[in-house]
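>>> Structure for the following, please:
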Amino acid sequence: MKLSVSFAFLCFYTVMVWVNAADRIVRVRLESCPGCKLNRLSEVKAFVYEDFPNYENAEFKKIHGASPVLLFLNEADEIVEKHSLEHLSRKKCNELLTERGFTTRKNKEL
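Coordinates of the predicted model:
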């Protein structure tokens with residue numbers, strides 16, 4: 001009886017660790033057209049070219065014609081969250097990253 005309870009707990013714990021790891025955000029990728037769409041979104045363009053490059057574990061993937069989106073990824077590079085940036089302010093774009101634990105290189109040096 002004691003052995004089966006211990007085994008059941010071990011199985012449950014293993015599954016919970018695996019599930020939590022699958023949902024844990026470890027990096028972010030910004031996908032966007034490098035110019036045409038961003039030229040109409042001045043706040044987002046400022047975020048993409050001035051703020052985003054300063055974040056740790058952040059990658060900018062240029063896709064011609066694509067609307068700007070942030071993809072929050074887990075260890076397996078699977079999308080955990082996806083956020084369109086088209087209707088967001090520069091401040092809100094930065095908040096999306098900081099609320100999920102991303103830090104800038106400048107903050108890390110302090």
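
>>> what about the residue most central in space within the chain, which SS state?
Geometric centre of the chain, nearest residue: Phe72, 2.6 Å, by C-alpha atoms, centre = their mean. Classification of Phe72 using DSSP: H, G, I helix; E, B strand; the rest coil returns strand.

>>> pretty sure it is touching Val80, no?
Yes. Taking contacts as C-beta atoms under 8 Å, Phe72 lies within contact range of Val80: 5.0 Å. Just so you know, the C-beta spots here come from the backbone N, C-alpha and C atoms, and that holds for glycine as well.

>>> joint contacts of those two?
Shared contacts of Phe72 and Val80, defined by C-beta atoms under 8 Å, 6 or more residues apart in numbering, are found at Ile25.

>>> ok, back up a step: next one: the residue nearest to the centre of the chain relative to Phe60, how far apart?
Per C-beta to C-beta, to the nearest Å, Phe72 is found 14 Å from Phe60.

>>> now Arg100
Plainly put, Arg100 is 17 Å away from Phe60 if you go by C-beta to C-beta.

>>> What pLDDT does the model give the residue nearest to the centre of the chain?
On pLDDT, Phe72 comes in at 98.

>>> I am finished for the moment; much appreciated.
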